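Engineer: The sequence isn't on hand, but the structure is:
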């Protein structure tokens, strides 16, 4: 968790000063008691130094873990947002677009079927018309045969005024009814028009059949399968996006929980490190005092006077300072001197 090559400085218990008259030890009962207490504090100081080292390692470890969990959470969150936005924008749009294509394809297929049925009906009617035209052509041929039959020359002479040799050979120029005007031209059209209509009917039948063939070979029906394939592919794609978003959401939730736990443990290690360092500092100061127990306030110059008056005054000063260390009047802030004293 920490770099093994990195140098760390850890607290060490103080060593008793040497060569100082104030700290010169003697063989009195008081000194022995002090030595006994000092050993106890030195042992506690060793334990406290180990605890500080332990919590420094713990603090550095959780600091690194917190950073890694933070990075992992951020990366997962970005990945989740990418797939979430893609699913909302692209996936939803594709599904709606496919619904529109499905409706349009359905309408197109209905129109195509109606067109196919209509073309088939046209072909049927064209064939029926062709049959009737062929009947008309036959009747026109029968009429022409009838006209050319010598047995009917008198009727032809009455209608047209023309008489062949078989019918007397003399034309009749007497006036005829208006209905008989241009009668020969009318008969000519009765004979030739059916022949032209037969050719037109043949062309119509061929054209109608060709149009049906074009409509069939355009293969409009395959659009239905293409639309279904596209619809299924789009649904599968959207499902993949939805599943990915759900999976990423669960992972994001888990990584968030792990990040919260890492932050909690990091904060805990920070608080514990501060506590252990404070405890070590207290033991350090106490041990240091026991190594050289000189209060500096004891009056040693006058044997018949109170010796601890100055110590009493110093303690009272501490009492006055403690009163304002953590407390202040409402609406007032501690002074810089009070803040520095509290720390």
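Structural biologist: Received the coordinates, thanks. Since the structure is predicted, the reported quantities are computational estimates derived from the model, not experimental observations.
Engineer: where along the stretch 51-200 of the chain do the helices fall?
Structural biologist: For the stretch 51-200 of the chain, helices defined by DSSP state H, counting those that start in this stretch occupy the ranges 92-148, 153-160, 183-217.
Engineer: Deepest in the core, which of these is it.
Structural biologist: helix 153-160 (a mean of 16; mean count of other CB atoms under 10 Å). Every residue, glycine included, has its C-beta placed from N, CA and C.
Engineer: After the longest helix belonging to the chain, which helix or strand is next?
Structural biologist: Within the chain, and with DSSP state H defining each element, the longest helix by residue count is helix 222-291. Heading C-terminal from helix 222-291, the first helix or strand you meet, by DSSP states H and E, is helix 309-323.
Engineer: as a whole number, average confidence for that following helix?
Structural biologist: For helix 309-323, the mean per-residue pLDDT is 74.
Engineer: repeat for stretch 92-100
Structural biologist: Stretch 92-100 comes out at a mean pLDDT of 87.
Engineer: circling back to that earlier point, orientation of the longest helix of the chain relative to helix 92-148 in degrees?
Structural biologist: Going by axes from the mean of the first three to the mean of the last three CA atoms, to 10 degrees, helix 222-291 is angled at 180 degrees with respect to helix 92-148.
Engineer: Centre of the chain to helix 222-291, how far?
Structural biologist: Here the centre of helix 222-291 is set off from its chain's centre by 20 Å, with CA atoms, centre = their mean, to the nearest Å.
Engineer: From the contact counts, what lies against it?
Structural biologist: When contacts are defined as 3 or more CB pairs under 8 Å, 6 or more residues apart in numbering; DSSP states H and E, helix 222-291 packs onto helix 29-86, helix 92-148.
Engineer: So what angle separates the directions of that helix and helix 29-86?
Structural biologist: In this structure, helix 222-291 runs at an angle of 170 degrees to helix 29-86, with the same axes, to 10 degrees as the basis.
Engineer: Let the chain start at 819 from now.
Structural biologist: Taking 819 as the first residue, the last one we looked at is helix 1040-1109.
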